[in-house]
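Peer 1: Please work out how this folds:
(one chain, ligands or ions: 1)
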Amino acid sequence: MATNEENDTVLVRKEQKEAVKPPPMFQVLLLNDDYTPMEFVVAIIQEYFNKDRETATQIMLKVHRDGKGMCGVYPKDIASTKVELVLTHARKAGHPLQCVMEEA
Ligand code: TYC
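Peer 2: The predicted model follows:
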């Protein structure tokens, strides 16, 4: 009986710990290419990552110079949805812009 109580206590503590663990977070990154217009990338960052024009321009220029840049950090399902929305928008506009996610 004492063993059962101990086990119950261990189980409850484990469940409580898992319940408060923060979700894994994912960075959403844009990758540079030679064809997508700068203005299109700025508009994408403003629309999908809620940045003002100045911040979006800085992020775009960082991607242009360094090859990639972070637009935001989100839980997995939100990051994944943003990647899909950006890729769909870019393809419909005929641009090869690449957007990826990686665990933060
Ligand atoms: N390199 C592109 C150009 O010179 C601009 C660009 C920036 C493209 C960021 C993609 O994620 C990107 N038109």
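Peer 1: What helix or strand is residue 36 located in?
Peer 2: Using DSSP states H and E, residue 36 falls within no helix or strand.
Peer 1: Next: the one 5 residues further on.
Peer 2: Assigned by DSSP H and E, residue 41 falls within helix 38-49.
Peer 1: cool, and residue 78?
Peer 2: Using DSSP H and E, residue 78 maps to helix 76-92.
Peer 1: Is the helix holding residue 41 positioned near the ligand?
Peer 2: Yes - residues of helix 38-49 are located near the ligand by CB under 6 Å from any ligand atom, namely 38, 41. No exception for glycine: its C-beta is placed from N, CA and C like everyone else's.
Peer 1: Enumerate the positions of that helix that are buried.
Peer 2: Neighbour-count burial for helix 38-49 flags 40, 41, 42, 43, 44, 45, 46, 48, 49 (criterion: 16 or more other CB atoms under 10 Å).
Peer 1: could I get those as CSV with pLDDT?
Peer 2: Formatted as CSV, these follow (pLDDT from 0 to 100):
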residue, pLDDT
40, 99
41, 99
42, 99
43, 98
44, 98
45, 99
46, 98
48, 98
49, 98
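Peer 1: so which of these comes closest to residue 64?
Peer 2: Distance to residue 64 across the buried residues of helix 38-49 (CB to CB) is lowest for residue 41, with 8.1 Å.
Peer 1: Now for the closest one: which residues touch it?
Peer 2: 30, 60, 63, 97 (CB atoms under 8 Å, 6 or more residues apart in numbering).
Peer 1: overlap between the residues you listed and the residues near the ligand?
Peer 2: Okay, of the contacts of residue 41 touching the ligand (CB under 6 Å from any ligand atom), that's 30, 60, 63, 97.
Peer 1: any low-confidence regions in this protein?
Peer 2: 1-18 (pLDDT under 70).
Peer 1: near the ligand, which residues of it show up?
Peer 2: Counting by CB under 6 Å from any ligand atom, the chain sits next to the ligand at 30-34, 36-38, 41, 60, 63-64, 97.
Peer 1: If anything else comes up later, I'll come back, but that's it for now.
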